[in-house]
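Undergrad: Give me a 3D structure for the following:
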Amino acid sequence: MLGIQPSNTASPQASSPGSPSIPASSGHRQGPSSRALSEGGLDPEESKREHHEKLRKHHSFRLSFKRKDRRETHRDSISSAVPAKFIRATSVRPQTLNPRWNEKFRLDHDDESSVFDAVSKLNEVRGVKGLGRFFKQIAQSARSGSQDDFLGCVNIPLVDIPSTGLDCWYMLEARTTRSNIQGRIRLKLWLSTREDRGTSEEDNWSDIRQQERLYSIFIKYEMTKCSGPWSGELPYVALSILHQHAIQGDITELQSATIRWLAFSKVPSLDPKILVKILATLENLWSHETLSREEMSRNALHNESVLEVLCLGMLSTMKAYWKCCPFNKEISIIPLRCLGMLSTMKAYWKCCPFNKEIRGEIIAALKKGTLELYEETHKTIAGLRGDPDLRIKGLVKLTTSVIVDLQTGYDYYNGVFESTNGVPYFCAVYKQFEKMMVNDLGQEITALCHQLRSAEMGSDNPSVSAGPEIGTSIFELYLSIQEFVNMSSHLADAKSMNVRAYYKWFEPAIDKWLDLAKLRAYNRVKTAMELTRVCSGEKIVKHSTSSIDVNACFYQMKEFWKQLCWPDIIGAYNLIMKLLDVICGASTYYAQLVQQKLKDTGYYESTGPYKTTDEMCVAMNDLEFVRRHLTLLPEELNLESILDSIELKENS
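TA: Model prediction:
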């Protein structure tokens, strides 16, 4: 048990050198929880006696019961006696030499005259009855020898206690010279100007509100005065005012840290580094102190708004910086670190036990920011519904913007979100984009594909259709959405996403694409024959430029198929058969044109013996050059694997 009492300060001679008249603390392991001296036997009429008569009786009473020490000739023990109602005692911690109390006491310090009057009343005992009561109180408050386990005492001068308080270890002192006391005690001491007036000592809600208001005023003034970024440091004068107000209002360190958090977190465009420091201080103090229910309720309501401001403000800041620089670690990691620290704080979960996890709040903010970004980009193409070609180009622009945003997030921000808060940034943003694209683009692309005008193609003289540009833009849109779908490979559940069926949106247009490819292939072959000339560099094998142009056209069609990468195996087989038909048809058309050219030169009209001419050699070499490239088509188009997959699927 720890007994705490204020020393008598009525006379400076009452204290021995080295033990000034200040509050004293004595350490005990075991004893009664509290002691009290009754004022029974005191006569109120005696208070009108003369002052010297009081002093005479006081000294005679002191001499009757004073304790003597062999090494000291004089010891004023009664002058240090204090009524038991001023003594505070902790609970008992038995059978330990390392007791831990963690209990709080308030000791009032009045002026010297009131303390002297309280002590002098001990001498006003009249009659045997009153004296008997006094001795009875002493006997009841004393401890027996078997129970007394005095550990030592410590004297702390009031002048040594600063306004900020003390929290340190003190060496225990012996009560007498024969006592061999060793040990230390840790005490936390602070000064207070408030008085208990029938209310709880923690009831300083009005002072807390005033302190918060003062912080807001000083912060607003400093930010108005500061031209550049504010460091968050208040001037010395403001700190002095806040400190004095906190002392007068009995505002604890935890309450001060909470007030700073409430005040600073309301400031817009504040450097997140400042909030990180305040949160670290608040978390360190939380394990030592607690807040009242009203304070925690207010803090909880405030934290909800702060979360929204931090999350959405962080995302808007990041989006703004994305436009001017790909990645700014300082801008992104500090707000995230602030949110991560808040999510692990005991204070947050104590004040907000029913709130969602901050990780969920961040994901919700990411989804909201992603939706806003998508809608902002979507507005730029909303007015282009009249022209299908412009509409398709707008969708290509929208999809490209989404891909750029996703790639930037994956390269720069996904790791930062993961390391600070365990939030899968790319996964959250991608799934939100995927949901909106499936809902908005699926039906619209299908409708646009149905609007494509079919190409009119004759078997002998094919003509260009009215709108071939639409097919090209649709193919660009297909490739952009395909790239978006391929980015889902970074996700664990990519196969279950609805967007992977994107190829079904383009099924109405795939036949038109192949018709357009056939149309352009025939036109390329015809143009190549019109512009053909014999290659002058070849002396042994003679050929013309038309065969090179035709093979280049077929190469582009093969690349078209590779980029198409049709996911459906059955559909891929049907499409590749149609593509082969287009290539073979264009090859046949080229052979017909070569033969027609020989016929036009009069090669077939000669009735003489067979002879080899340069025109005939060039024609044969051109056809052979094209034929050799055609033999590589099954391998280059991966036709064998498609047939094997179809057979395996049918057997299963």
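Undergrad: Could you list which residues are in contact with residue 401?
TA: residue 377 (CB atoms under 8 Å, 6 or more residues apart in numbering). In this view, the C-beta of every residue, glycine as well, is placed from N, C-alpha and C.
Undergrad: and residue 549, helix, strand or coil?
TA: Recorded secondary structure, residue 549: helix (DSSP: H, G, I helix; E, B strand; the rest coil).
Undergrad: The closest residue to it other than its chain neighbours: how many residues sit nearby?
TA: Of all residues not flanking residue 549 in the chain, residue 528 sits nearest, at 3.7 Å (CB to CB, 6 or more residues apart in numbering). Counted with other CB atoms under 10 Å, residues neighbouring residue 528 total 22.
Undergrad: do the same with residue 275
TA: Count around residue 275 with other CB under 10 Å applied: 25.
Undergrad: Let me see the confidence value for the residue nearest to residue 549.
TA: Looking at residue 528, its pLDDT reads 91.
Undergrad: what does the one 5 residues further on give?
TA: According to the predicted model, the pLDDT of residue 533 comes to 85.
Undergrad: any weak-confidence spans in the stretch 301-450 of the chain?
TA: Applying pLDDT under 70 to the stretch 301-450 of the chain flags the ranges 301-332, 346-356, 381-386.
Undergrad: For stretch 542-561, output the C-alpha coordinates as PDB.
TA: This file holds the C-alpha atoms of stretch 542-561, laid out as PDB (Å, rounded to 0.1, in the frame of the first residue of the first chain):
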ATOM      1  CA  LYS A 542      13.700 -13.100-112.500                       C
ATOM      2  CA  HIS A 543      10.500 -12.000-110.800                       C
ATOM      3  CA  SER A 544       8.300  -8.900-110.600                       C
ATOM      4  CA  THR A 545       7.200  -6.600-107.700                       C
ATOM      5  CA  SER A 546       3.700  -7.900-107.900                       C
ATOM      6  CA  SER A 547       4.500 -11.200-106.100                       C
ATOM      7  CA  ILE A 548       6.200  -9.200-103.300                       C
ATOM      8  CA  ASP A 549       3.200  -7.000-102.900                       C
ATOM      9  CA  VAL A 550       0.800 -10.000-102.800                       C
ATOM     10  CA  ASN A 551       2.800 -11.800-100.200                       C
ATOM     11  CA  ALA A 552       2.900  -8.600 -98.100                       C
ATOM     12  CA  CYS A 553      -0.900  -8.400 -98.300                       C
ATOM     13  CA  PHE A 554      -1.200 -12.000 -97.100                       C
ATOM     14  CA  TYR A 555       1.300 -11.300 -94.300                       C
ATOM     15  CA  GLN A 556      -0.900  -8.500 -93.000                       C
ATOM     16  CA  MET A 557      -3.900 -10.800 -93.000                       C
ATOM     17  CA  LYS A 558      -1.900 -13.400 -91.000                       C
ATOM     18  CA  GLU A 559      -1.000 -10.700 -88.500                       C
ATOM     19  CA  PHE A 560      -4.600  -9.700 -88.300                       C
ATOM     20  CA  TRP A 561      -5.500 -13.200 -87.300                       C
END
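Undergrad: which parts of it are buried?
TA: Residues of stretch 542-561 classed as buried: 542-544, 546-551, 553-554, 557-558, 561 (neighbour count, 16 or more other CB atoms under 10 Å).
Undergrad: Dump those to a markdown table, plus distance to residue 512 and pLDDT.
TA: Below are these laid out as a markdown table (distance: CB to CB, whole Å; pLDDT from 0 to 100):
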| residue | distance to residue 512 | pLDDT |
| --- | --- | --- |
| 542 | 40 | 78 |
| 543 | 35 | 77 |
| 544 | 33 | 87 |
| 546 | 28 | 90 |
| 547 | 29 | 90 |
| 548 | 29 | 91 |
| 549 | 25 | 92 |
| 550 | 23 | 92 |
| 551 | 25 | 92 |
| 553 | 19 | 92 |
| 554 | 20 | 91 |
| 557 | 15 | 88 |
| 558 | 19 | 88 |
| 561 | 16 | 85 |
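Undergrad: Just name the closest of those residues to residue 243, please.
TA: Distance to residue 243, by CB to CB, is smallest for residue 561 among the buried residues of stretch 542-561, at 77.4 Å.
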